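Q: Provide a 3D model corresponding to the input given below.
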Amino acid sequence: MERSENLKTLDNYERLSYYYEKLLEDDEAFSLWLEYIESYPAKKILELASGNGALANILKEKGYQILASDISKSMQSVAVKRYDLPYLILNMIDFKLDDKFDMILCVCDSINYLSDYEEMKRMFENVYEHLNEGGIFIFDMHHPQRLSEFKEEYIEEGYIDDVAYQWTILADQMTDELLENFIFYEKEGIVMENHCQKVFAIDKVRDLLKASQFEVKVYEDFIKDEKVLFIGEKK
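A: Got it, this is the predicted structure:
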């Protein structure tokens, strides 16, 4: 695709945040997450990487005491305009709060934005410290099968309202990463965002959770060949 003088390259979710609801929001996944969330007697929940706040708002309407958070100020801006939610800017790796929770969530493959297992280890240990005794940590991640699925480039094109877009995904087999590119053809010019997500090995993630003192359950076919669900319980 030809470059344009009007091309802007932005940081993660700086522009995608405005299109997220119509392009990426997944009602089927929401219902699956809720089955597991509601199976535990949690009341006070922290959600990391809350994005546009859709899941946090569902939980709020169900009566949970929910605190939403994300590292993206653009996502926070979209969420607080759409919903009446408490929403903090937090880094999911090393956030520090003077509070503890019955449950901490990190869904929608957000874990895959971690760059390596060392960051994951730090995150798990920090989450553990922010949970009450018996607290639950629920997160999902890309199934390793996604690296094979996107060995050949996936290309999606369409319109969101009157804005044309192109979305591509390609797996880097050398680095175990999914490289996503979003291009939006707006009236003011072309806007592009590049995203990189690390695909982690299921056994290594399980071992890190156990090393962080969690009792672990793994659902490898949470969404078959797409998402793996992990549940860690603080004992």
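
Q: what residues are up against the residue nearest to residue 30 when sequence neighbours are not counted?
A: Excluding its sequence neighbours, the residue lying closest to residue 30 (C-beta to C-beta, 6 or more residues apart in numbering) is residue 55, at 6.0 Å. Bear in mind the C-beta positions are built from the backbone N, C-alpha and C, glycine included. Shown here is residue 55, whose contacts under the criterion C-beta atoms under 8 Å, 6 or more residues apart in numbering are 30, 33, 47, 105, 107-108.

Q: would residue 55 count as being in a helix?
A: Yes - following the definition DSSP: H, G, I helix; E, B strand; the rest coil, residue 55 is counted among the residues of a helix.

Q: endpoints of stretch 166-180, how far apart?
A: Between the opening and closing residues of stretch 166-180 lies a distance of 10 Å (C-alpha to C-alpha, to the nearest Å).

Q: just checking, what packs against the helix or strand containing residue 135?
A: When secondary structure is defined using DSSP states H and E, the element that contains residue 135 is strand 131-142. The elements that strand 131-142 packs onto, with contact taken as 3 or more C-beta pairs under 8 Å, 6 or more residues apart in numbering; DSSP states H and E, are helix 27-37, strand 101-106, helix 117-129, strand 227-234.

Q: which parts of the last one are buried?
A: Which is strand 227-234. Taking 16 or more other C-beta atoms under 10 Å as the basis for neighbour counts, the residues of strand 227-234 that come out buried are 227-234.

Q: return the two entries of these that lie farthest from one another.
A: Taking C-beta to C-beta, the two most distant members of those are 227 and 234; they sit 23.0 Å apart.

Q: count the residues that sit near the closest residue in space to residue 155 that isn't next to it in sequence.
A: Take residue 155 and drop its neighbours on the chain: the residue closest to it by C-beta to C-beta, 6+ apart is residue 168, 5.2 Å away. Counted with other C-beta atoms under 10 Å, residues neighbouring residue 168 total 16.

Q: any idea what residue 168 is bridged to?
A: Each beta-bridge partner of residue 168 is listed here, defined by DSSP bridges: residue 155, residue 181.

Q: and it, what is it in contact with?
A: The contact partners of residue 168, by C-beta under 8 Å, 6+ apart, come to 153-156, 180-181.

Q: just the buried ones among the residues you listed, please.
A: Restricting these to buried positions leaves 180-181, with burial counted as 16+ other C-beta under 10 Å.

Q: quickly list what the residue lying closest to residue 135 once chain neighbours are set aside is bridged to.
A: Leaving out its chain neighbours, the residue that sits closest to residue 135 by C-beta to C-beta, 6+ apart is residue 234, at 4.6 Å. In this structure, residue 234 bridges to residue 214 when assessed by DSSP bridges.

Q: any figure for the gap between residue 234 and residue 68?
A: Taking C-beta to C-beta, to the nearest Å as the measure, residue 234 falls 21 Å from residue 68.

Q: measure the residue positioned nearest the centre of the chain to residue 50 for me?
A: Nearest to the centroid of the C-alpha atoms of the chain, with distances taken as C-alpha atoms, centre = their mean, sits residue 110, at 2.4 Å. As judged by C-beta to C-beta, residue 110 and residue 50 stand 9 Å apart.

Q: how about residue 102?
A: Shown here: residue 102 relative to residue 50, a distance of 17 Å by C-beta to C-beta.

Q: those two: which is more packed in?
A: Per other C-beta under 10 Å, whichever of residue 102 and residue 50 has more neighbours is residue 50, with 30 against 20.
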